[in-house]
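K.L.:
sequence unknown, structure follows:
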């Protein structure tokens, strides 16, 4: 997915889930192996000035709290599911922070 498309999706997510209506924010991804993960992330606030290190720490926390190991994991020990999901979460968190900065710069943040 292109960076522009990702930013557009983050803007859509931000307005739909973190804007005035405060609906739930979901992270949804499909791994290279075809597994799909959807996590509700509304209880994990993202700061506008989030750093990569903070995003990584938050992504690791989300993974620990949300991911449930299953039979697929036991049958595929060579696949680094955590690494794939955490990397995608870090990108998502950083894009959310960037979108939040833009909105604050435009005076749109509450």
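P.N.:
Nice, I can see it. These numbers come from a predicted model, not from an experiment.
K.L.:
only C-alpha atoms for contact and neighbour calcs from this point on.
P.N.:
Fine.
K.L.:
stretch 44-64 - what's its average pLDDT?
P.N.:
When pLDDT is averaged over stretch 44-64, the result is 95.
K.L.:
can you give me how far that stretch is from the chain middle?
P.N.:
9 Å (Cα atoms, centre = their mean, to the nearest Å).
K.L.:
same deal with stretch 35-44?
P.N.:
Here stretch 35-44 is found 7 Å from its chain centre; the criterion is Cα atoms, centre = their mean.
K.L.:
wait, isn't residue 24 in contact with residue 45?
P.N.:
No. With contacts counted by Cα atoms under 8 Å, residue 24 stays clear of residue 45, the gap being 11.5 Å.
K.L.:
dihedrals phi and psi, residue 95?
P.N.:
Per-residue torsions, residue 95: phi -70, psi -40 (degrees, to the nearest 10).
K.L.:
tally of neighbours for it?
P.N.:
As a burial measure, residue 95 scores 22 neighbours (other Cα atoms under 10 Å).
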